[in-house]
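Asker: Fold the following and give me the result.
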Amino acid sequence: MHLRTLKVLQAPTIPPEWNDDGEMYSFTELIKYNIPELRESGISEQLLADLNARGLIGIALNTSVPTRDFTRRVTSIGESLIRLVTDQRG
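Answerer: A predicted model of the protein is given here:
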């Protein structure tokens with residue numbers, strides 16, 4: 001689930017109703033939208049905290065941001081991990 005969350009933050013799908021009119025949204029809401037099975041689990045916050053603590057993402061936890069600020073949250077270490085895990089070569 002950590003890797004799925006990391007992949008979501010690499011290229012999130014923004015809910016269509018979230019326009020960029022200055023309204024603020026949380027990363028937890030974004031994760032729950034992109035990974036439906038987390039909607040009722042209550043672990044989204046812990047997943048974000050774990051990824052942040054390991055330096056894989058760079059976000060201020062428990063904050064809300066405008067829609068345009070959901071991009072570029074995966075760090076270079078996180079990008080390297082995604083490449084390593086998704087590499088299809090032998």
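Asker: need the helix or strand of the chain with the lowest average pLDDT.
Answerer: strand 64-66 (a mean of 85; mean pLDDT, DSSP states H and E).
Asker: Which residues does it contact?
Answerer: 20, 22-27 (Cβ atoms under 8 Å, 6 or more residues apart in numbering). Any C-beta I mention is one placed from the backbone N, CA and C, and that applies to glycine too.
Asker: Give me the subset of these that lies in strands.
Answerer: Among the contacts of strand 64-66, DSSP state E puts 24-26 in strands.
Asker: Buried ones among the residues you listed?
Answerer: By neighbour count, with 16 or more other Cβ atoms under 10 Å, these hold 25-26 as buried.
Asker: any chance of the ones in strands among the contacts of strand 64-66 in CSV, plus distance to A11?
Answerer: Output for those, formatted as CSV (distance: Cβ to Cβ, whole Å):
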residue, distance to A11
M24, 21
Y25, 17
S26, 18
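Asker: And the closest residue to L3 other than its chain neighbours, how far from P36?
Answerer: Excluding the flanking residues, the one nearest L3 by Cβ to Cβ, 6 or more residues apart in numbering is V85, at 6.1 Å. As judged by Cβ to Cβ, to the nearest Å, V85 and P36 stand 22 Å apart.
Asker: Same check on V74?
Answerer: As defined by Cβ to Cβ, V74 lies at a distance of 21 Å from P36.
Asker: These two: who's more crowded?
Answerer: For V74 versus P36, neighbours defined as other Cβ atoms under 10 Å are more numerous around V74 (22 against 8).
Asker: quick one: the more buried one from L30, how far?
Answerer: From V74 across to L30, the span is 13 Å (Cβ to Cβ).
Asker: who touches both of these two?
Answerer: Shared contacts of V74 and L30, defined by Cβ under 8 Å, 6+ apart, comprise L9.
Asker: Nothing else from me, thank you.
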